[in-house]
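Trainee: Pasted the sequence and its predicted model underneath.
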Amino acid sequence: MTITSSFSKADLQQFTGDDLRYRTLNRSVIYTPGIKYLAENAQAYWLIDAIASYFVGPEMRNAMKRDDRLQSLQFWRLEVTDEQTASLYAVADKGLKPFIAQAIDFTDFPFDCIDVWAGFDGTYWTLYLPSEH
């Protein structure tokens, strides 16, 4: 299966928010149709899994204790290099040091970067595209 050749970042702008959600393997993390579209067209369900996996770990719990803003909203970014390696990281706000950082040895992700936001509604963490905010 190959990445859809006509898939572009502009396609993601069509997603502006709705009530439909999908579950991850982590029962406390769900995601929107925009994230589903991204995962399907970029063959990047691994990105959803990578982000969701942090919501059960000590790194996240410790970061939330240090900065209570992380208990309601987080900004995740995947940055891909020309060598097809990547960095996945999360911050509490623009310009701050990441509280989560993961090196990815190889990816065929089609864009040089993508932002995924995570918001907590009191029950679930929802992963969504910035255009869906």
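Mentor: Sure, I can see it.

Trainee: so residue 50 sits right up against residue 102, yeah?
Mentor: Yes - Residue 50 sits in contact with residue 102 when judged by CB atoms under 8 Å, with a separation of 6.8 Å. For the C-beta atoms, the positions are set from N, CA and C on the backbone; glycine is no exception.

Trainee: show me what contacts the closest residue to residue 23 other than its chain neighbours?
Mentor: The spatially closest residue to residue 23, leaving aside those adjacent along the chain, is residue 30, at 5.7 Å (CB to CB, 6 or more residues apart in numbering). Applying CB atoms under 8 Å, 6 or more residues apart in numbering to residue 30 gives the contacts 21, 22, 23, 24, 124, 125, 126, 127.

Trainee: helix/strand/coil for the residue nearest in space to the middle of the chain?
Mentor: In the chain, the C-alpha nearest the mean C-alpha coordinate belongs to residue 116, at 3.7 Å (CA atoms, centre = their mean). Put simply, residue 116 is strand when judged by DSSP: H, G, I helix; E, B strand; the rest coil.

Trainee: Any idea what it is bridged to?
Mentor: Counting by DSSP bridges, residue 116 is bridged to residue 76.

Trainee: Thanks again, I'm all set now.
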